[in-house]
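Colleague: Prediction below, plus the sequence it came from.
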Amino acid sequence: MAASSPPACCDASACSARGSGARSWRQLSGRFLAQLLLWLCVSPIGALQAGIQELEVAPGIVATARYLPGKADLAPVLVLHGFLQTARFPTVNRLAEGLAEEGYPVLAPTLSLKITRRRQSQSCEALHLQRLEDDVAEIAHWVEWLHRETGRAVVLVGHSSGGHAITRYLHDHPQAPTQRVLLISLGYPRGRPVSPEPPQQKSLGIYALDFCQSYPTTPEAFRSYIGWGPQKILQALQQATVPVHVIFGTMDNRLSPGWVQSLRDSNIAIELVPGADHFFDSTYEFDLLETVIDLMPGGQP
Amino acid sequence: MFAVSLSIRRYALIFGAFVFTLCVLLGLLGYQQYRGAVNDIERLESQAAREELHTAFLNTLRDVREGADALAEWDELFLQLGNPVYYPYWHAYRVQNGASLAPRFLDLMLYGPDGEALAHLQDSQLPSRLDTDGLQERFVAVDGDAHMILFRRLQRQADDRVHGYLALRAPLLPAMLRLSGFNRIDPNTLLFRLDGESQDAGRVEGSLRYALVSTTSRETMDTLVKRLILLLGIAALVPTLMLMFFFNRHLGRAVEELSRVVETLRSHGVKGAQQILERAGRFRIRELDVTEQSLIDYQRELLSANARLDEKNRELWDLAHRDSLTGAQNRRAFDTFWQTLQAMSERKPRSLRLMLCDVNRFKSINDTYGHDIGDAVLQAIVQCLHRAVRREEQLFRLGGDEFACVLIDCDDQQALLVASRCEREVAHYPFTDELGLREPVRLSIGISPVAENSSISVKVPLRQADVAMYQSKRPASGSVCIYRESMESVSGAVFSSSINEAVYRVVEQGEGLIMHYQLVRHTESGEPSYYEALMRIDHGDRLIQPAEIMPIVESRHLEKELDQAVIEQLLKDLYDSTLPVGTGISINLSAVSISDPDIIARLEPFRHFMGDYKLVLEVTETALITQMEYANTHLAELRARGFLVALDDFGSGYSSLSYLTSMPVDIVKFDISLIRSLDDDPHRRLVAHLLEFISSAGQETVAEGVEDAAALQRVRDLGFDYVQGFLHDEPELLSPLPRISAIR
C-alpha cells in the first residue's frame, strides 16, 4: 500500500482551543467564517496538502480518498460513506468538510468496490463483486494510512452501511489505531436471493440487498454482507475497545424495527437528532455535524 | 369614336365577360404570384432545412461523442476490465437488456489493453479486435440509418495506464430525432442513403434524405390558396352576375323601355309613349323615372312649341304668300303655285289658262276717294272673284289692282265663262251703296292659254295675259280678251322696251319731249285762234306719237308726270316766244292731273302769259275722271284765274253729254268720229241739235279732224265756231317766230 501524497500536518499553535457545549446554528456560522479566515491566514500548509489520496488496495485496484488536512492536535477522522456510495455522497461529504472546517484532519475514502479509482456511485443493477471483507480491508488500509500520516489514533465515523463495515473492522481489528467510533444511522444489511442462487459461490446471482431489489453478485459476496448481522454488530460494538456512539435521526425510516432499542439494550451510546432522517438532509446536517463534533474526543476543539 | 352602337344588354354582357375574364386572369396571376412566392419560400425553407439538418447532424455527432466520453468514465467498465470473468453476463445484463446505453448507443464492446475483446459476443456487431493504433470513427449503413462506431481509450484521471478500449455503436437517426426538434424537416421522412461504410462525416451527412415538413402545409396552403382564389373569383363573379341581372332586369329593361318611349314619342307622340309606360310600369329607378317623365314633358312642350311654330309658320307663310289687304295669295305664292303646277304637269299635262285682270281706272278711284276706299274696292273685288272662280282655282294678287287666276283643265270657252262670272260679280257688287262710288267699277280681263310644255316660264303666259288685258281696255274692245298673236302689234308699244325707256326718260329726266302745235282756226274767217300742243318723243330716227305713248303712260300710271313734263316744255316754248303773240295755246291734261289739287299751282306760271295768249285747258278722257267733284273744283278755280276749259273728244267713248252739265266748260271739241259721220244725215241732224244745245249754253265748239273741203263745208253749215284738222294745218314743230297766215 502506498500513499500518493504525504500526510498533512497541522500546526499545533494554529489550532486554537474550542469551547464546548451546544451551540446554535448562528454561532456555528459565525465561528465558521472567523475560523475560515484564520485558517486561510495561519494554516497554509493544510491547504497545500489537501487532495485525493490513492491507495492500491488490491492488485490493479487503486482506491481513492479525499483528504482534508486539519490541525495536528485534533484527532484525525475517517469518514466512510454508505452502501454503493462515494465520499462525495452529500451526508458524508458535508460532514467531512464540516469536520475539516473545525480543524479535524479528515480522510473520506471511497470504497473501490473492486473498481480502480472508482468515482461514481454504483447502481443496484451493476455487477457487484466486492465483499464485506474487501471493504474492511480497505478501511484498515486507510486507518493505517491516516494514523501513520497524522500520528494519532483515528476517529472512525461511518454512515449507514459504512458504519456496518466499521463494526466489522472493529471486530476484525481490535487493536487498530482508533480512538473513537461514531456510527451514523447504523443499520445492518438485509437481503435475499431474488432468483435461485447459483450453486457455486463464484457464480452470479440476483439478490435483494438492503434497498436494492436487484443486486447481481456472487453468493459469497452476498453472504459476506448478510452474514454480518445485528447480533454480530451488537457483539462487536459491545466488545469494542474504544468508545462507540451511534447517532440516529428520529425520523429515520430505514432502520429495522427495534434496532435502536437493541442497541440501547446492548448499552450502546446513542445520540438522537430530533427530526432528522436517515441522511440528515437539509438543516439536519448541521445538527449532525454539531453532534459529531460534540462526540469527538475532547469535545469541542 | 365608336362607330358601332350596341344595346345596353350587350354592353352588360360584354361587361360581364370582361369581369369574368379579368377574374380569371387575376386569379391566374395571383396563383402565379403565389407559386412564385411558394417557390421562394421552398428555396428558403430548403436552405433552412439543410442548415437545420446540418446543425442537427453536428449536434448528434457531438452528443454521441460526449456520450461516448461520458461512458468511457463509467466505473462499471473498469470493473469489467479489472475482472472480465463476468463480462458476457454484464454485457447481456447491463448493455443489451439494460438501459445503461440508452438512448444513444445500441452496443458496446470492451477490449483489453491489447485491443482484444474481453469476450467474443455473438450478437454484437462490433469488432472483436481493435487496431489500437488507428482508432478512427466510422459510419456504417444500416437499413436507412447510419450507425456511428466510436472508440475510446479507457483511462483514469491521474493514471496514464490504458486499462482497455471501448467501442460503441450509435444509431444516428434516432439520436437526431431525439436531439433535434425539426421545424422544417419532416422527421418521418429522414433517412440515410449511405452506401457501405465511411469515415467521412460530411459524406454521411450528404447521404441524408428528407422531406420538408412544410410539404403538407404547403399542400394545405396550396389548396387554401386555390380555394381562396376560387372563392374570390366567385365573390367577384357573383356580384357581377347579380349586377348584370340587375342591369338586365331593371336598368337594361328600363333603358330599353326609355328608348322605346323616346322612339314612340318621336313616331306616335305623347299618347303612344304613355301607353308604353302604362304597360311597362315604373322603372323603380328614380333618375330614369324622372328622365322618362321629363322626356314626356319635354315632348309635350316640344309638340306645343311645334304647334305654335306651325301656327307661326302658317302665319309667316300667309304673310309671305298672302296679301294682307285682300286675303288673296300674293306674287310669291303665285310663283310657288306655278312651280307646283309645272311639277304636276310633268306627270300629267293639263290644259291651263291664265286669267289676268285689273280694275279700270283704279288709280283714279284711289286718288279720288282715297286709299281706304281704294282698299275696300280691292277687297270687294277679291270677294267677287272668289265667288266667280271655281273651287280648285286660286286667286292671286300680283300687285296693285292686278289679280291672276290659273284656270286648270280649262279651254278658252270655259275661261270666258269664268271671266264673265267675274265681270258679272263685280258689276253686281254694290260699290255705290257700300263704298259711295259714283262711277261704275269694271274689270279688264286678259286670258292667256298656257302651252302644255311644262318647262315654259311663267313670264310668257303672264305677258300674254297682260297683252290681252291691255287689249280689253281699248275702246271698242270687250272687257275680256283672249290672247292672240295679232294683239302683239297693237300693244307692242306698251311692251316695247325702247319706247318704255323713251317715256321714262321724258318723265324722269325731261329729255326727248318735243311739242308740235296744230292750229285751231275760226271757222268762218279762217283766222288762227290758238294752237293745240301735241307731244312727241324724239326716238332717234323717228318721233313717237301719242298713240304709242299713252298706253305706256296709262299702264304705268305716269299721267301726272307726263303732264308736268309737257307743262314745263310749253312754258319753255312760251318763254322762247315760239308761239305768236295774240294766239293761244291749248294744253291737254289727263284726268289724273285735273283731279290733282296741285294742278292750280303747277299751271300758275302760265298766267304770266295770259295777256298775250289765250290759255285753254283740254280735258280729255273725261270718263276716266273718278273724282269729278275735285276736278270741277279745280277747273272752276282755273277758269276763275283766266284759263279756258275745253272738253275734248266729245262724242267719243271718253266724253259724254252728261259732263257738259256737270263740268265748267268753255269749249267743246267734237270728236273726229262725229265729224266724219256728218255726211250721214241722221248723224248730221244729231250733231246740229247738239251744236244748238251747246251754243245755247254759251259754249264754243270745235270740229276736230277736218281733213277736206267737204268736211269743212259741212262744219261751216252746222255752225262750228272753230275747226281743226289736216285740211289747213298739220301739227308741226314751231320755230320761235312762227309765220301765221289767214285761211281764205
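Modeller: Nice, thanks for sending it over.

Colleague: Which residues of chain A lie near chain B?
Modeller: A:52, A:54, A:60-62, A:113-120, A:122, A:125-127, A:129, A:202, A:204, A:216 (Cβ under 8 Å from any Cβ of the partner chain). Where C-beta positions appear, they are placed from N, C-alpha and C, glycine not excepted.

Colleague: The same query, at a cut-off of 7 Å, please.
Modeller: Counting by Cβ under 7 Å from any Cβ of the partner chain, the positions of chain A adjacent to chain B are A:60-61, A:114-120, A:122, A:125-127, A:129, A:204, A:216.

Colleague: Which of these are buried, as a ChimeraX select command?
Modeller: Buried members of those, defined by 16 or more other Cβ atoms under 10 Å in any protein chain shown, are picked up in ChimeraX with:
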select /A:61,114,115,116,117,118,119,120,122,125,126,127,129,204,216
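
Colleague: now the helices: where do they sit in the stretch 551-700 of chain B?
Modeller: Along the stretch 551-700 of chain B, counting by DSSP state H, counting those that start in this stretch, helices occupy B:559-575, B:591-595, B:599-603, B:628-640, B:658-662, B:672-676, B:681-696.

Colleague: quick check: longest helix of chain B.
Modeller: Scanning chain B for the helix with the most residues, using DSSP state H, yields helix B:8-71.

Colleague: ok, back up a step: out of the helices of the stretch 551-700 of chain B, which gets nearest to chain A?
Modeller: Closest to chain A of the helices of the stretch 551-700 of chain B is helix B:559-575 (Cβ to the nearest Cβ; 162.9 Å).

Colleague: quick one: average confidence on the closest one?
Modeller: Summarised as a single mean, pLDDT over helix B:559-575 is 89.

Colleague: Which residues of chain B lie near chain A?
Modeller: Near chain A, when you scan chain B using Cβ under 7 Å from any Cβ, you find B:75-76, B:78-79, B:82-83, B:86, B:89-90, B:93-94, B:98, B:156, B:159.

Colleague: again, 6 Å this time
Modeller: Residues of chain B lying near chain A by Cβ under 6 Å from any Cβ of the partner chain: B:75, B:76, B:78, B:79, B:82, B:83, B:86, B:89, B:90, B:156.

Colleague: Closest one of those to residue B:23?
Modeller: Each of those was checked against residue B:23 using Cβ to Cβ; the closest is residue B:76, at 74.1 Å.

Colleague: returning to that earlier point: can you list the helices of the stretch 551-700 of chain B in a markdown table and add mean neighbour count?
Modeller: Output for those, formatted as a markdown table (neighbours: other Cβ atoms under 10 Å in any protein chain shown):
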| stretch | mean neighbour count |
| --- | --- |
| helix B:559-575 | 19 |
| helix B:591-595 | 26 |
| helix B:599-603 | 17 |
| helix B:628-640 | 18 |
| helix B:658-662 | 14 |
| helix B:672-676 | 19 |
| helix B:681-696 | 14 |
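
Colleague: Secondary structure element for residue A:183, which one?
Modeller: Following DSSP states H and E, the helix or strand that holds residue A:183 is strand A:178-184.

Colleague: After that strand, which helix or strand is next?
Modeller: Moving toward the C-terminus from strand A:178-184, the next helix or strand (DSSP H and E) is strand A:191-193.

Colleague: that older thread, which of the residues of chain B next to chain A count as buried?
Modeller: Buried among the residues of chain B next to chain A by 16+ other Cβ under 10 Å: B:75, B:76, B:78, B:79, B:82, B:83, B:86, B:90, B:156.

Colleague: Among those, which lie within strands?
Modeller: Of the positions in those, not one sits in strands, assigned by DSSP state E.

Colleague: which of those residues sit farthest apart?
Modeller: Maximum pairwise distance among these (Cβ to Cβ): 20.6 Å, between B:86 and B:156.

Colleague: shaky segments in the stretch 601-744 of chain B?
Modeller: Applying pLDDT under 70 to the stretch 601-744 of chain B flags the ranges B:621-627, B:653-658, B:736-744.

Colleague: Residue of the stretch 101-250 of chain B nearest chain A, please.
Modeller: For the stretch 101-250 of chain B, Cβ to the nearest Cβ, closest residue to chain A: residue B:156, 4.2 Å.

Colleague: and the nearest residue to that residue once chain neighbours are set aside, what does it touch?
Modeller: With sequence-adjacent residues excluded and distances taken as Cβ to Cβ, 6 or more residues apart in numbering or on different chains, residue B:156 is closest to residue A:117, at 4.2 Å. For residue A:117, the contacting residues are A:62, A:64, B:156, by Cβ atoms under 6 Å, 6 or more residues apart in numbering or on different chains.

Colleague: Same list (those) but as TSV, adding distance to residue B:696 and pLDDT.
Modeller: Formatted as TSV, the contacts of residue A:117 follow (distance: Cβ to Cβ, whole Å; pLDDT from 0 to 100):
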residue	distance to residue B:696	pLDDT
A:62	211	92
A:64	208	94
B:156	204	85
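
Colleague: now, which of those residues sits nearest residue B:380?
Modeller: For these, the nearest to residue B:380 is residue B:156 (165.2 Å; Cβ to Cβ).

Colleague: Three-state assignment for residue B:140, please.
Modeller: strand (DSSP: H, G, I helix; E, B strand; the rest coil).

Colleague: thinking it is in contact with residue B:195, fair?
Modeller: No. If you go by Cβ atoms under 6 Å, residue B:140 and residue B:195 don't touch, sitting 10.7 Å apart.

Colleague: Compare the two (neighbour count), which wins?
Modeller: Remark: of residue B:140 and residue B:195, residue B:140 carries more neighbours, 17 against 9, as counted by other Cβ atoms under 10 Å in any protein chain shown.

Colleague: Contacts only, for the more buried one.
Modeller: Here residue B:140 is in contact with B:147, B:197 (criterion: Cβ under 6 Å, 6+ apart).

Colleague: again, only using 10 Å
Modeller: Counting by Cβ atoms under 10 Å, 6 or more residues apart in numbering or on different chains, residue B:140 touches B:125, B:146, B:147, B:148, B:149, B:169, B:171, B:194, B:196, B:197, B:198, B:204.

Colleague: Compute the number of surrounding residues for residue B:680.
Modeller: Neighbours of residue B:680 (other Cβ under 10 Å): 11.
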